[in-house]
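J.: here's my sequence, what's the structure:
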Amino acid sequence: MVTGERYEIRVKGRLGSEWSAWFDGLTVTNRPGGETVLSGLVVDQAALHGILSKIRDLGLPLLSVRCGKQLQEEEEQEGRPADSTGFRTCGKGVK
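T.: Just a heads-up that it's a prediction; the model follows:
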């Protein structure tokens with residue numbers, strides 16, 4: 001069983017779906033305004049730092065990083081369906 005936390009990382013710039021494998025299997029979604037969202041499970045802080053390093057190496061400006069409970073609460077406020085997977089609050093007890 002893969003454990004980790006759900007993250008949503010927004011960057012300025014466009015990436016195609018073929019970048020998903022390079023970003024550890026995160027889903028790549030293009031948004032209006034020339035933004036890309038990388039989303040999915042990140043297994044630990046080392047993996048997160050690796051992903052952020054790749055974003056830096058590509059020269060993509062980082063716009064935001066959301067995770068766990070924070071992400072779920074914001075989705076509920078925006079009227080999107082709540083995630084029922086029980087992700088922990090970012091940074092607490094990641095194994």
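
J.: what mean pLDDT would you report for the longest helix along the chain?
T.: Across the chain, the longest stretch assigned as helix under DSSP state H is helix 45-57. Mean pLDDT, helix 45-57: 96.

J.: buried residues, whatever helix or strand comes next after it. List them.
T.: Toward the C-terminus, helix 45-57 is succeeded by strand 62-67 as the next helix or strand (DSSP states H and E). Within strand 62-67, the residues scored as buried using 16 or more other Cβ atoms under 10 Å are 65-67. From N, CA and C alone the C-beta is placed, and that goes for glycine too.

J.: show me what the closest residue to Gly25 other than its chain neighbours is bridged to.
T.: Using Cβ to Cβ, 6 or more residues apart in numbering and skipping the chain neighbours, the partner closest in space to Gly25 is Gly40 (6.3 Å). Taking DSSP bridges as the rule, Gly40 bridges to Tyr7.

J.: can you tell me which residues contact Gly40?
T.: 6-7, 25-27 (Cβ atoms under 8 Å, 6 or more residues apart in numbering).

J.: can you list these in JSON lines and add distance to Gly33 and neighbour count?
T.: Converted to JSON lines, these look like this (distance: Cβ to Cβ, whole Å; neighbours: other Cβ atoms under 10 Å):
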{"residue": "Arg6", "distance to Gly33": "23", "neighbour count": "19"}
{"residue": "Tyr7", "distance to Gly33": "20", "neighbour count": "21"}
{"residue": "Gly25", "distance to Gly33": "25", "neighbour count": "11"}
{"residue": "Leu26", "distance to Gly33": "20", "neighbour count": "20"}
{"residue": "Thr27", "distance to Gly33": "19", "neighbour count": "12"}
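
J.: just the CA coordinates for stretch 54-64, please, in CSV.
T.: Extracted as CSV, the C-alpha positions of stretch 54-64 are listed here (Å, rounded to 0.1, in the frame of the first residue of the first chain):
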residue,chain,number,x,y,z
LYS,A,54,12.6,19.5,-10.7
ILE,A,55,10.3,22.5,-11.0
ARG,A,56,13.2,24.8,-10.1
ASP,A,57,15.5,23.1,-12.7
LEU,A,58,12.8,23.7,-15.4
GLY,A,59,12.7,27.3,-14.5
LEU,A,60,9.0,27.2,-13.7
PRO,A,61,7.8,29.8,-11.2
LEU,A,62,6.2,28.1,-8.2
LEU,A,63,2.7,29.6,-7.5
SER,A,64,1.4,27.4,-4.6
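
J.: thank you kindly, that will do.
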